[in-house]
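A.B. asks: starting from these lines, generate the structure:
(one chain, ligands or ions: 2)
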Amino acid sequence: MQEMKTPNKKLAFYYVIVIAAILMFNEMARPYFEEAQIQQVDYSTFMQAIDEKKIDHVEVQSNQIVFTEKDDDKKYKTGLMNDPNLAERLDKSGATFTQDIKAEANPILSFFLAWILPILIFFAIGQYMSRKLMDRAGGNSMMFGGSGNQAKIYVPSSEGIHFSDVAGEDEAKENLSEIVDYLHNPQKYSTIGAAMPKGVLLVGPPGTGKTMLAKAVAGEANVPFFSIAGSEFVEMFVGMGASKVRDLFKQAKEKAPCIVFIDEIDAIGQKRSGNLMGNDEREQTLNQLLTEMDGFEGNTGVIILAATNRPDSLDPALLRPGRFDRRVPVELPDLKGREDILKVHGKKVKLDEGVNFHNIARMAAGASGAELANIINEGALRAVRGGRSTVTQTDLEESVEVVIAGYQKKNAILSDKEKHTVAYHEIGHALVAALQTHSAPVQKITIIPRTSGALGYTMQVEEQDKYIVTREELENKLATFTGGRAAEEVKFGEISTGAANDIEQATKMARAMITRYGMSDEFDMVAMETVNNRYLGGDTTLACSAATQEKIDKRVVELVRAQHDKAKKLLEENREKLDELAAYLYEKETITGDEFMKILHAEEEEKAEGPEEQRSTEPTEKTSYNLA
Ligand code: ADP
Ligand code: ZN
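C.D. replies: Ligands and ions are numbered 1, 2, ... in the order given. The predicted model follows:
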């Protein structure tokens, strides 16, 4: 803002440089141009011309002789010879002659050209390059003596995001509202001697609204909002990231009270490795961040919010009191949360009368806020494609499936045999699920191929969120996973590749039961695996001896096999139903849970089933999709 004049000054400077360069080029190049036009002759020719008195003017230069003849004004040159009588003979011939003194002409100019100008040019190029680099980096660097290429990190809070725009996440909002209150009324806190935490770490899976929450804090408190991604600090040159951190804090302190938001802080905040080959730049940046956070007093009004989905990879120094000492979990939304998020985003589109968000939320178990927003948008796009003016329930239901399983493949042509196989496979899943107690009811079965590669799927939807799952339920789920393959075996006596996804999921679940949930008699309550990134897929590391690993593998196979056998037995016992349902699905391609149940219970009495209501911290998969 205060540097509005500098561009003009800079521009003038560049003009001077360019003009000087042109001048120098002229000065240096002129002799060469002239030189090129001079014809070269032998020394003997020159001597002969002297004898014949044809010479008009001679110029003896340091390395050659340039002369003109009387009858034309062309210039000639010839090499120098050790010829002491030359002057005498020239004098006799009546020619005028001089010794060249150009080289010594104007020593100041030549000094300027030889020394000052090149330096100026290099300086100008250096300036230009560093400016280019810093423009790309978006930052300001002391290293290049740059004077105020301020980073554009200041985002006015006029975006107007408020807590009401962030649905669900009530615990996070409650936690953050204290900070809003502090920013509104810092005296209240300072009079009693309470210091606000300097840093708050928002942790949770991607797309759960961490950025939104940070913006909402700024919006609610009506203070400036500085936002920068952790990766933006990591620069090509060591030291630039650190200088960016310094800059960020300088600006923030000027604008206090304000919110500084660092997204994906794990990009710089990763545990510093002890080895010498570590990432220097990252560590310097992190050190600078730590220093800056220590540097300002508790009550300056600068609050730093940071988001990450890999909290366990953060450097402990970052998490100690006085830095990011408060941690706010931003978890995947529960059923109610999903419904609320759908409602918030539903306001942006024209909805049909009959839209029931509760059902959509139930179908979209495990979806993040970002995915739910996407579901609404996909639904709206589908409505446009269908030429409707409002978004219907079917649009939304279909878009849940699109987000989870991909688009319907319009031109995938399955052979008749394949279609039969898929129909049996899916009914196998559904039937095994339905024949066991404590399984989520089947909502939909389809054998329309999807772009994700699934040839069909069975959707089960739980009545409500489940926070703990019993061993029996897990075993039943395993049986359901194997049900597809079991049906193929029972019907065709042959197995296919269609069960690949089921196998993957079953293995993962069985492994978790043994290594993490302590559900095998052999290992009791001993953890054999630890989860690494809870928020990012949750890959695991084995924490046991090689001998134990072998045993685990054996137990996993036993567990899956037992359930697979159970599934086969169930299907064999209900062979007629299997055939009947598969034929029906083959015919209709997509059937609802109700249709399925009607056929299944055609002559049986219905079994009532009461889902238990228990809550605990770790939610598990609620809706299962048996893809393919
Ligand atoms: P994160 O920073 O956790 O990865 P974002 O805050 O960037 O996630 O959220 C991405 C998008 O998802 C938002 O722009 C918003 O549309 C949607 N979203 C996520 N969580 C919520 C929520 N709780 N309420 C409303 N919208 C949400
Ligand atoms: Zn399957």
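
A.B. asks: ligand 1 contacts on the chain?
C.D. replies: Residues of the chain lying close to ligand 1 by C-beta under 6 Å from any ligand atom are 166-169, 206-212, 307, 341, 344, 369-370, 373. The C-beta positions use only the backbone N, C-alpha and C, and glycine is treated the same way.

A.B. asks: minimum distance to ligand 1, which residue of this structure gives it?
C.D. replies: Closest to ligand 1 within the chain is residue 369: 2.1 Å, counting by C-beta to the nearest ligand atom.

A.B. asks: out of the residues of the chain next to ligand 1, which sit inside helices?
C.D. replies: If you go by DSSP state H, those have 210-212, 341, 344, 369-370, 373 in helices.

A.B. asks: closest to residue 525 out of those residues?
C.D. replies: Checking these against residue 525 by C-beta to C-beta gives residue 210 as the nearest, at 33.8 Å.

A.B. asks: is that closest one in contact with residue 307, as I believe?
C.D. replies: Yes: between residue 210 and residue 307 a contact is recorded at 3.9 Å, counting by C-beta atoms under 8 Å.

A.B. asks: shared neighbours of those two, which are they?
C.D. replies: Shared contacts of residue 210 and residue 307 (C-beta atoms under 8 Å, 6 or more residues apart in numbering): 202, 263.

A.B. asks: which residues does the residue of the chain closest to ligand 1 contact?
C.D. replies: Each residue near residue 369 by C-beta under 8 Å, 6+ apart is listed here: 167-168, 207-209, 212, 333, 341.

A.B. asks: is it possible to export the residues you listed to TSV including pLDDT?
C.D. replies: Formatted as TSV, the contacts of residue 369 follow (pLDDT from 0 to 100):
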residue	pLDDT
167	88
168	83
207	90
208	91
209	90
212	89
333	89
341	93
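
A.B. asks: which of the ones in helices among the residues of the chain next to ligand 1 lies closest to ligand 2?
C.D. replies: Each of those was scored against ligand 2 by C-beta to the ion, and residue 370 proved nearest at 27.5 Å.

A.B. asks: got a list of what the residue nearest to that closest one when sequence neighbours are not counted touches?
C.D. replies: Of all residues not flanking residue 370 in the chain, residue 207 sits nearest, at 3.0 Å (C-beta to C-beta, 6 or more residues apart in numbering). By C-beta under 8 Å, 6+ apart, the residues touching residue 207 are 368-371.

A.B. asks: now residue 568: which helix or strand?
C.D. replies: Assigning secondary structure by DSSP states H and E places residue 568 in helix 546-573.

A.B. asks: I meant to write residue 428 there.
C.D. replies: helix 416-435.

A.B. asks: how far does that helix sit from the chain's center?
C.D. replies: Mean C-alpha position of helix 416-435 versus that of the full chain (C-alpha atoms, centre = their mean, to the nearest Å) differs by 39 Å.

A.B. asks: helix or strand next in line after that helix, which one?
C.D. replies: Taking DSSP H and E, what comes next after helix 416-435 is strand 442-446.

A.B. asks: what about stretch 53-62, distance to the chain center?
C.D. replies: The chain centroid and the centroid of stretch 53-62 are separated by 76 Å, computed with C-alpha atoms, centre = their mean.

A.B. asks: tell me the buried residues in it?
C.D. replies: In terms of neighbour count (16 or more other C-beta atoms under 10 Å), stretch 53-62 has its buried residues at 54-60.

A.B. asks: which of the residues you listed fall within helices?
C.D. replies: Short answer: these have none in helices (DSSP H).

A.B. asks: please identify the helix or strand for the residue in the chain sticking out farthest from the centre.
C.D. replies: For the chain, the C-alpha farthest from the mean C-alpha position belongs to residue 92; by C-alpha atoms, centre = their mean, that distance is 88.8 Å. In the assignment (DSSP H and E), residue 92 maps to helix 86-93.

A.B. asks: what packs against the next helix or strand after that helix?
C.D. replies: Sequence order places strand 96-99 as the next helix or strand after helix 86-93, per DSSP H and E. With contacts taken as 3 or more C-beta pairs under 8 Å, 6 or more residues apart in numbering; DSSP states H and E, strand 96-99 sits against strand 55-60, helix 86-93.

A.B. asks: at 10 Å instead, please
C.D. replies: The helices and strands touching strand 96-99, judged by 3 or more C-beta pairs under 10 Å, 6 or more residues apart in numbering; DSSP states H and E, are strand 55-60, strand 64-69, helix 86-93.

A.B. asks: take these and write them to a markdown table, including distance to ligand 2.
C.D. replies: Output for the helices and strands packed on strand 96-99, formatted as a markdown table (distance: least, C-beta to the ion, whole Å):
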| stretch | distance to ligand 2 |
| --- | --- |
| strand 55-60 | 98 |
| strand 64-69 | 93 |
| helix 86-93 | 106 |
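
A.B. asks: save the ones you listed as a markdown table, and put in mean pLDDT and distance to residue 131 too.
C.D. replies: Converted to a markdown table, the helices and strands packed on strand 96-99 look like this (pLDDT from 0 to 100; distance: least, C-beta to C-beta, whole Å):
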| stretch | mean pLDDT | distance to residue 131 |
| --- | --- | --- |
| strand 55-60 | 83 | 48 |
| strand 64-69 | 82 | 46 |
| helix 86-93 | 80 | 58 |
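
A.B. asks: got the angle for the helix holding residue 92 vs strand 55-60?
C.D. replies: On the basis of axes from the mean of the first three to the mean of the last three C-alpha atoms, to 10 degrees, helix 86-93 is oriented at 160 degrees to strand 55-60.

A.B. asks: quick check: the farthest pair among the ones in helices among the residues of the chain next to ligand 1?
C.D. replies: So, these by C-beta to C-beta: farthest apart are 210 and 344, at 16.1 Å.

A.B. asks: contacts for stretch 314-327 next, please.
C.D. replies: Here stretch 314-327 makes contact (C-beta atoms under 10 Å, 6 or more residues apart in numbering) with 175-176, 178-179, 195-203, 262, 265-266, 268-272, 283, 286-287, 289-290, 292-294, 298, 304-306, 308, 311.
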